[in-house]
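*Asks:* Provided below are the primary sequence and the corresponding predicted coordinates.
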Amino acid sequence: MNYISTRGGMAPQAFSDILLEGLAPDGGLAIPEQYPQIDSATLESWRALPYNELALEILSRFVTDIPRADLAALTAAAYNPELYDGGVMVPLKPLKGQISLVGLSQGPTLAFKDMAMQFLGQVFEYVLTKRGTTINILGATSGDTGSAAEYALKGKKGVNVFMLSPFGRMSEFQRAQMYSLQDENIHNLSVKGVFDDCQDIVKTLAGDLDFKSRWHLGAVNSINWARIAAQVVYYFWAWLRATEKPGQEVSFAVPSGNFGNILAGHIARQMGLPVRKLVLATNENNVLEEFFRTGVYKPRSSANTYATSSPSMDISKASNFERFVFDLLGRDPKALAALWEQLSTQGYFDLSDKKAEFETTYGFVAGTSSHADRLETIRSVHQETGVLIDPHTADGVKVAAQYVEDGIPMLVLETALPAKFSETIEEAIGQPAPVPAHLQHLASLPQKVEVLDADVEQIRRYVETHAAI
């Protein structure tokens, strides 16, 4: 399996090469030359596999330059049930009617991103050790990516992490999780701006090929294909637990800001997983919902990106959207590059002529959720089922309800434990969310963080001063 760039300017490369590169040299994103296909008989043969072995089966289709025995060791380490709360991997949690949650918050940082980051931490160290080199990870987080990446990479050989986060835009719990880490290879940079400012700085520095090469820059954001590939696994896992026979369809509802999580669902569907609908849920920052409703993609400025009570989705420029548009355009890199050039000069592009394909060909539908919707959904789900959900998951549940069909399980991807957003939980149900015993001390720990302006040159100088080469 080799990888190409969405913009056509990269010779085909193996998985380990794109793992360490982040953005492609032409500014595009790495994507497989073709998606592996899983037939019904193979899918049925996987029903009894534990999570780590299912991960091996799926990831071995994408990772063909690492020996299978070594990949098996990496997936076994990443998906050791002892790392996950209760020792239960990705349980399905029935809510009401056709709707169930896909439990993705059992990992070390209580967020779905642990499911990919734990694999990323293992495979980074493996490849760097094999090659005898180092990497400086430059990333941006709106809340959960940062802590999941840092917990997966802290203390790892050959890895330095520089994580940009928007100043004052994350929950107190999210800040404490990240900033309390004292490991020498972890650098938290709080940027005076919004997530899109952080992401733009990362892309600018990653696009400076001399700087990138000199300082061995890599990425853990969902622009890194390994993240997406690892997320594909839990779509297959959830389908195998929600169905009883070959070919049975399910729908997935996915709270999404940067389009990475739902992109993994798109890829699973392209691989042959029987997915009826991919329901995209946004908050008030509904650029993606607007695209699927109108066909026009028009990211908003930082000033027009709202601070909401589902802060991890306060994003207007969805990095992974480019990979879906690449497929939508028939995998034509010239057409894709032209669209992104128009986006950079005019601020939008219009694919309304392809609107009919969004659902009929790719299964995509979308909806939005407001602060009032989140509070009501959290409150009603808790009252009716006793289950407490976080604000992002609430966005997913609210939008999912619009697309439930008789006989089709609706699986909502859980985003995080409610403890990460206790202020909103208390507003919804009148009491704070319970905090797992092993994390109740977080708020009292000393924090290590640098506050910087949303300025590329400031970040560049910081990386140069603190990077390992």
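*Replies:* That came through, no problem.

*Asks:* Please pull up the helix or strand immediately following the one helix or strand in the chain whose mean pLDDT sits lowest.
*Replies:* Across the helices and strands of the chain, mean pLDDT, DSSP states H and E gives its lowest value to helix 144-153, namely a mean of 87. Once helix 144-153 ends, the next helix or strand along the chain (criterion: DSSP states H and E) is strand 159-166.

*Asks:* Relative to that next one, what are the paired strands and their orientations?
*Replies:* Strands that pair with strand 159-166, judged by DSSP bridges, come out as strand 135-140 (parallel), strand 186-192 (parallel).

*Asks:* For those strands, give me JSON lines that also has mean neighbour count.
*Replies:* Yep, even glycine has a C-beta here, placed from its N, CA and C like the rest. Listed next are the strands paired with strand 159-166 as JSON lines, based on neighbours: other C-beta atoms under 10 Å:
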{"stretch": "strand 135-140", "mean neighbour count": "27"}
{"stretch": "strand 186-192", "mean neighbour count": "21"}
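
*Asks:* Tell me who's in contact with residue 33.
*Replies:* 1, 2, 3, 4, 12 (C-beta atoms under 8 Å, 6 or more residues apart in numbering).

*Asks:* for the residues you listed, which one is nearest residue 187?
*Replies:* Nearest to residue 187, judged by C-beta to C-beta, of those is residue 3 at 28.5 Å.

*Asks:* roughly how far apart are the residue nearest to that closest one when sequence neighbours are not counted and residue 459?
*Replies:* Using C-beta to C-beta, 6 or more residues apart in numbering and skipping the chain neighbours, the partner closest in space to residue 3 is residue 30 (4.4 Å). As defined by C-beta to C-beta, to the nearest Å, residue 30 lies at a distance of 23 Å from residue 459.

*Asks:* try residue 121
*Replies:* Between residue 121 and residue 459 the distance, using C-beta to C-beta, works out to 23 Å.

*Asks:* again, but for residue 186
*Replies:* With C-beta to C-beta as the criterion, residue 186 and residue 459 are 16 Å apart.

*Asks:* just residue 130 next, same as before
*Replies:* Counting by C-beta to C-beta, the gap from residue 130 to residue 459 is 30 Å.

*Asks:* Neighbour count: these two, which is higher?
*Replies:* residue 459 (23 against 11; other C-beta atoms under 10 Å).

*Asks:* low-scoring stretches of this protein, by residue?
*Replies:* 469 (pLDDT under 70).

*Asks:* Could you rerun that using 80?
*Replies:* Applying pLDDT under 80 to the chain flags the ranges 22, 86, 142-144, 221, 438, 468-469.

*Asks:* quick one: the least confident helix or strand of the chain to strand 186-192, angle?
*Replies:* Angle between the axes of helix 144-153 and strand 186-192 is 170 degrees (criterion: axes from the mean of the first three to the mean of the last three C-alpha atoms, to 10 degrees).

*Asks:* So which other helices or strands are in contact with helix 144-153?
*Replies:* helix 114-131, strand 135-140, strand 159-166, helix 172-179, strand 186-192 (3 or more C-beta pairs under 8 Å, 6 or more residues apart in numbering; DSSP states H and E).

*Asks:* Pick the most deeply packed of those.
*Replies:* strand 135-140 (a mean of 27; mean count of other C-beta atoms under 10 Å).

*Asks:* and the strands paired with strand 159-166 as a markdown table, adding distance to residue 390?
*Replies:* Formatted as a markdown table, the strands paired with strand 159-166 follow (distance: least, C-beta to C-beta, whole Å):
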| stretch | distance to residue 390 |
| --- | --- |
| strand 135-140 | 21 |
| strand 186-192 | 22 |
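
*Asks:* re earlier: which of the helices and strands packed on helix 144-153 sits closest to residue 353?
*Replies:* When the helices and strands packed on helix 144-153 are compared (using C-beta to C-beta), the closest one is strand 135-140, at 32.7 Å.

*Asks:* what's the closest one in contact with?
*Replies:* With contact meaning C-beta under 8 Å, 6+ apart, strand 135-140 is reached by 20, 22, 124, 128, 145-146, 149, 153, 158-165, 195, 198-199, 201-202, 205-206, 215-221, 463, 467-469.

*Asks:* now these: which count as buried?
*Replies:* 20, 22, 124, 128, 145-146, 149, 153, 158-165, 195, 198-199, 201-202, 205-206, 215-221, 463, 467 (16 or more other C-beta atoms under 10 Å).

*Asks:* Let me know how buried the closest residue in space to residue 439 that isn't next to it in sequence is, in neighbour terms.
*Replies:* Spatially, and ignoring its direct neighbours in sequence, residue 439 is nearest to residue 419 (7.2 Å; C-beta to C-beta, 6+ apart). Neighbours of residue 419 under the rule other C-beta under 10 Å: 21.

*Asks:* Let me see the contact set for residue 419.
*Replies:* Contacts of residue 419 by C-beta under 8 Å, 6+ apart are 110, 173, 433, 434, 435, 436, 439.

*Asks:* what's the distance between residue 228 and residue 315?
*Replies:* Distance of residue 228 to residue 315, computed by C-beta to C-beta: 16 Å.

*Asks:* What is the helix or strand containing residue 398 packed up against?
*Replies:* Using DSSP H and E, residue 398 falls within helix 391-400. The contact analysis (3+ C-beta pairs under 8 Å, 6+ apart) places helix 391-400 against strand 99-102, strand 250-255, strand 275-282, strand 364-368, helix 371-385, strand 410-413.
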